[in-house]
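1. Any chance you could fold what I've pasted below:
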Amino acid sequence: MRRKIAIVGILLGLAPWARSQTTDAATQELIQKLLARIDGLEKRVAELEKEKSAAVAPGAAPAAVAPAAVTAPPPAAPQNADVAHTHDQAPIVEAATTTYPSLKISGFSDFNFSATDLHGASGGFGAQTLLQSHSGFQEGQFVLHLSSALSPKVAVFSELSLTARSDAGTGTPPATGFNAEVERLIIRYDLNDYFKVSFGRYHTPINYWNTEYHHGQWLQTSISRPEMTQFGGSFIPVHFVGALVEGAVPAGGLNFNYNFGVGNGRSNVISRGGDFGDINNNRAWLVNLFVKPDRLYGLQVGGSVYRDEISPLTGPVAREWIESGHIVWTKETPEIIAEFANVTHQPVNPLQGPASNSQAFYVQAGYRLPWAQKVWKPYYRFEYIHVPGSDVIFRAVPSFSGNTAGLRYDITTFAAFKFEYRHYVRRSLPDINGLFIQTSFTF
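-> Presented below is the predicted three-dimensional model:
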């Protein structure tokens, strides 16, 4: 208690100096309120000292102090005080009042404008790329992230999306205006940093972009995702339903991370995961490993292997192997993301065709400009997909090379404008040029 009184005394000694150095009326008023608060605290300390002395006196009840200590309300933050002071108190209050479950919600959305010289079919590019045969505005996905702690070691996370439909109002009964989708739903038990086990629907951890940038375009630098990892695309299984074991080990400063998973893999429509169950009683499994060394903070290097047996609607039953690797520099001066993936399809019945290998890669670089409060970030991406004619399972996957140049402008900490120009060179089809504008935000 004497130490606390000494600290209060020092603050009181400094207060006149602060008062003499300040001419702003609002600041003087704040200082007066703080001094009054300190006076009150000093009196309270004195009262506690007296109660402590009475408690240790012969015949006094040792527990007499407890009610005052427990029932005393936490000190209220003074009006007009700096926000940082209230933040300092928040963890203490939260720790004392945490209840389970504890639900938190955040949201993302975006609006887009596109204009391209595409005429006719897109040649395999999905609606998420914004490549349309007509120009105009488009409402992006409305996304909600919901997280809830069930206990100190058990938590649930879900991601829900609403996507505008092009066929809204048609058919019998009329199609709804939006498609609702449970993008992710995961329950995870954290034993410690080295070992965590979870069950649910994931973004398959077999490449960097798919697990780093989820639904919510504000999260990523560019407007569009690389085609190899596009939502609704088929090159990699974007979603995975099953169980996952993960963790991180310091490993002498390498920060070794691992993911081991087993689940349903692809459904009959290979762009979708097996939400309703495994289609052929043959589990998919994956291994994902990467390091994030301390000495090169911002660097991540890793690779993964994925194995499944698929039964597509438009192709033979085949064994699927996916090998991928990535190297990433996550700082923004510069930001560099590079990934490569090879997909092997081996028909179970050799008479249905030979084995085939399809490859895809992309390299994206961006740089946060140092002036104007660092709100401007130009970027460029080159991407490439090659699907041989022998791969009948990937017949709908576009073979192309693409150049994307863009500029991101952060309106605020939680909203951004993005501008992109794309030039796609397609195999046996006309090139595509397009201009795209997006405003994306989180709330």
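2. ok, which stretches of the stretch 301-443 of the chain are strands?
-> For the stretch 301-443 of the chain, applying DSSP state E, counting those that start in this stretch gives strands covering 318-329, 335-347, 356-366, 376-386, 400-412, 415-426, 432-442.
3. Compare those strands and give me the one nearest residue 140.
-> Each of those has some distance to residue 140 by CB to CB; the shortest is strand 432-442, at 7.3 Å. Yep, even glycine has a C-beta here, placed from its N, CA and C like the rest.
4. mean confidence for the closest one?
-> The average of the pLDDT scores along strand 432-442 is 97.
5. Could you tell me how far it lies from the centre of the chain?
-> Centroid separation for strand 432-442 versus its chain: 20 Å, with CA atoms, centre = their mean, to the nearest Å.
6. That one pairs with which strands, parallel or anti?
-> Paired strands of strand 432-442, with direction, are strand 102-116 (antiparallel), strand 415-426 (antiparallel) (DSSP bridges).
7. Downstream of the longest one, the next helix or strand is which one?
-> Scanning forward in sequence from strand 102-116, with DSSP states H and E defining helices and strands, the next element found is strand 136-139.
8. Please compute how far that following strand lies from its chain's middle.
-> With CA atoms, centre = their mean as the basis, strand 136-139 stands 24 Å off its chain's centre.
9. what packs against the next helix or strand after that strand?
-> Next along the chain after strand 136-139, taking DSSP H and E as the criterion, comes strand 142-149. If you count contacts as 3 or more CB pairs under 8 Å, 6 or more residues apart in numbering; DSSP states H and E, strand 142-149 packs onto strand 102-116, strand 154-164.
10. With mean neighbour count and distance to residue 383 added, can I get these in a markdown table?
-> Listed next are these as a markdown table, based on neighbours: other CB atoms under 10 Å; distance: least, CB to CB, whole Å:
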| stretch | mean neighbour count | distance to residue 383 |
| --- | --- | --- |
| strand 102-116 | 16 | 17 |
| strand 154-164 | 18 | 23 |
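11. now for those, which one comes closest to residue 223?
-> Closest approach to residue 223 among the helices and strands packed on strand 142-149 (CB to CB): strand 102-116, 7.2 Å.
12. Quickly list the domain ranges of the chain.
-> 2-97, 107-442 (automatic domain parsing).
13. quick one: average pLDDT of the first one?
-> Regarding domain 2-97, the rounded mean pLDDT is 48.
14. which residues touch the nearest residue to residue 208 once chain neighbours are set aside?
-> Nearest residue to residue 208 in three dimensions, chain neighbours excluded: residue 326, at 4.2 Å (CB to CB, 6 or more residues apart in numbering). By CB atoms under 8 Å, 6 or more residues apart in numbering, the residues touching residue 326 are 207, 208, 290, 300, 301, 302, 303, 337, 338, 339, 340.
15. any idea how far residue 294 is from residue 326?
-> Residue 326 sits 19 Å away from residue 294, going by CB to CB, to the nearest Å.
16. between the strands paired with strand 432-442, which gets nearest to residue 333?
-> With CB to CB as the criterion, residue 333 lies closest to strand 415-426 of the strands paired with strand 432-442, at 17.5 Å.
17. list the buried ones in that closest one?
-> Neighbour counts over strand 415-426 (16 or more other CB atoms under 10 Å) mark 416, 418, 419, 420, 422, 424, 426 as buried.
18. And stretch 148-155, by the same measure?
-> For stretch 148-155, a neighbour-count test (16+ other CB under 10 Å) marks 148, 149, 155 as buried.
19. tell me the most buried of the domains of the chain?
-> domain 107-442 (a mean of 17; mean count of other CB atoms under 10 Å).
20. which helices and strands sit right next to the helix or strand encompassing residue 185?
-> If you go by DSSP H and E, residue 185 is part of strand 178-192. On a contact count with 3+ CB pairs under 8 Å, 6+ apart, strand 178-192 meets strand 154-164, strand 195-203.
21. partner strands of the last one, parallel or antiparallel?
-> Read that as strand 195-203. Under the rule (DSSP bridges), strand 195-203 has strand 178-192 (antiparallel), strand 239-249 (antiparallel) as partners.
22. Now flag whichever of the contacts of residue 326 is closest to residue 137.
-> Using CB to CB, the shortest approach to residue 137 within those belongs to residue 337, at 28.7 Å.
23. Look up the pLDDT of the residue nearest to the closest one when sequence neighbours are not counted for me, please.
-> Distance criterion CB to CB, 6+ apart; nearest residue to residue 337, sequence neighbours excluded, is residue 364 at 4.7 Å. At residue 364, the model reports a pLDDT of 98.
24. Distance of residue 364 relative to residue 328?
-> Taken as CB to CB, the span from residue 364 to residue 328 is 10 Å.
25. Find the residues that touch each one of the two.
-> When CB under 8 Å, 6+ apart defines a contact, the residues bordering residue 364 and residue 328 alike are 336, 337, 338.
26. Verify the contact between the last one and residue 361 for me.
-> To tie it back to what came earlier, the one meant is residue 338. Yes: judged on CB atoms under 8 Å, residue 338 makes contact with residue 361 at a distance of 7.4 Å.
27. Columns distance to residue 397 and mean pLDDT on top of the helices and strands packed on strand 178-192, output as JSON lines?
-> Output for the helices and strands packed on strand 178-192, formatted as JSON lines (distance: least, CB to CB, whole Å; pLDDT from 0 to 100):
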{"stretch": "strand 154-164", "distance to residue 397": "21", "mean pLDDT": "96"}
{"stretch": "strand 195-203", "distance to residue 397": "19", "mean pLDDT": "97"}
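28. For residue 440, which of those strands is the nearest?
-> Closest to residue 440 of those is strand 154-164 (CB to CB; 13.9 Å).
29. partners of the closest one in the sheet?
-> Here strand 154-164 has these sheet partners by DSSP bridges: strand 142-149 (antiparallel), strand 178-192 (antiparallel).
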